[in-house]
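# sequence first, predicted model second:
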Amino acid sequence: MNIQNILDSSLRQKWSVSDFDWDRPVDMQDVSEKQQKNLAYVLLFISGIERVGAEFFRIHADYVDDPIASQLFNVFAEDEERHADAELEMAKRLGAEWHDLPWITRLTFKVVQRDLNNIRKSKYGSGVHRFGSTMILFAELGLDGIVMPTLRNGMNEPLQDEVWKKIDQDERRHIAMDYWLIENRYERNIAFENQTTNNRKLLPQIKNLSFPISLLSAATTPIIAIPGFLMVGRAAASMPVKASFFRDYWELVKNIPKRAPHAPELAAYSAPTNFIRNVSLFVQDSKLINSFARRISSNNKLAPSY
Ligand SMILES: [Fe+2]
Ligand SMILES: [Fe+2]
């Protein structure tokens, strides 16, 4: 894979949030006002996730060993920030802004971003880079395979569709590099093992760096993240999500080793893969989600009120 080409096309195809006419009236007659509000809440939440993704790309930019890849990951961080800004604009058109999210959700994103930013500059940055080398692909395949098609289906509106196309174009490059990163990480692990076999003095010093999460992050983030996520979960539950998206997502995850053959050799691979397989099987078997999606598409009354 020629990563210089990916960098060139990233820079060439860069777009701006101001390229779009956000004052254009919303063309969503088939979607109730309540459901538009639900879509807006999910968009706000996804914009927070995009900013967390940007932090992860900055970590990869700092710790990857290839200067072109480093430059690319910084460009991807800018992409994710732009996606977040565009999603805020999309949400605004549908009637909700960032401050409309529950305060605990906003606080969660603030803490997670702050922690990741601090970790990047600390000795734990390389540990998160290692752990995140596979996790970023799982996350981006999920966004690409489940979240975006669900939101696109739910909106089906000309302006929003143009924006999704631009986001999608960026995400294809991100995912291509996510596969590259897995192989690059594997090669460096092998080189590191060889180096430590030859020079055992290095072991204790470098071993300390493999603890990925700071104490502060480990202690505070789950406590505030769980209620924060649950509150937005009500809006997410009203989305017209299809069980087939989960099946497609599992297919993508199952096939990761076809594009990154050494993915199974990395530490953060088996557990998330098994988790995704189990969730996917559960959703496919679940009559609940299928009947929920059917009812939502024919009747918006199920949408929760705020
Ligand atoms: Fe994104
Ligand atoms: Fe991305």
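Sure, I can see it. Ligands and ions are numbered 1, 2, ... in the order given.
# quick one, phi psi at Ala96?
With angles defined as degrees, to the nearest 10, Ala96 sits at phi -140, psi 140.
# ok, it touching Phe45?
No - using Cβ atoms under 8 Å, Ala96 makes no contact with Phe45, being 10.5 Å away. To be clear about C-beta, it is placed using only N, CA and C from the backbone, and glycine gets the same treatment.
# which SSE is Val112 in?
According to DSSP states H and E, Val112 maps onto helix 103-121.
# what packs against that helix?
Packed against helix 103-121 by the contact rule (3 or more Cβ pairs under 8 Å, 6 or more residues apart in numbering; DSSP states H and E) you find helix 33-63, helix 125-142, helix 215-237.
# let's go with 7 Å and repeat that
helix 33-63, helix 215-237 (3 or more Cβ pairs under 7 Å, 6 or more residues apart in numbering; DSSP states H and E).
# got the buried residues for stretch 85-95?
85-94 (16 or more other Cβ atoms under 10 Å).
# isn't Glu50 up against Arg82?
No - between Glu50 and Arg82 there is no contact under Cβ atoms under 7 Å: 8.6 Å.
# ignoring the adjacent residues along the chain, who's closest to whatever residue of the chain ends up closest to ligand 1?
At 3.8 Å from ligand 1, His83 is the closest residue in the chain, using Cβ to the ion. Excluding the flanking residues, the one nearest His83 by Cβ to Cβ, 6 or more residues apart in numbering is Glu50, at 4.6 Å.
# which residues of the stretch 1-150 of the chain lie near ligand 2?
Glu140 (Cβ under 5 Å from the ion).
# go again with 6 Å.
53, 80, 140 (Cβ under 6 Å from the ion).
# ditto for the stretch 151-300 of the chain
Looking at ligand 2, the residues of the stretch 151-300 of the chain close enough under Cβ under 6 Å from the ion are 171, 174.
# residues from the stretch 101-250 of the chain in reach of ligand 1?
Near ligand 1, when you scan the stretch 101-250 of the chain using Cβ under 6 Å from the ion, you find 167, 171.
# how about 8 Å then?
Neighbours of ligand 1 within the stretch 101-250 of the chain, by Cβ under 8 Å from the ion: 140, 143, 167, 170-171, 174.
# pLDDT added to those residues, as a markdown table?
Formatted as a markdown table, those follow (pLDDT from 0 to 100):
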| residue | pLDDT |
| --- | --- |
| Glu140 | 92 |
| Leu143 | 87 |
| Ile167 | 95 |
| Asp170 | 95 |
| Glu171 | 94 |
| His174 | 96 |
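# export those to CSV and tack on neighbour count?
Listed next are those as CSV, based on neighbours: other Cβ atoms under 10 Å:
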residue, neighbour count
Glu140, 20
Leu143, 22
Ile167, 20
Asp170, 20
Glu171, 21
His174, 24
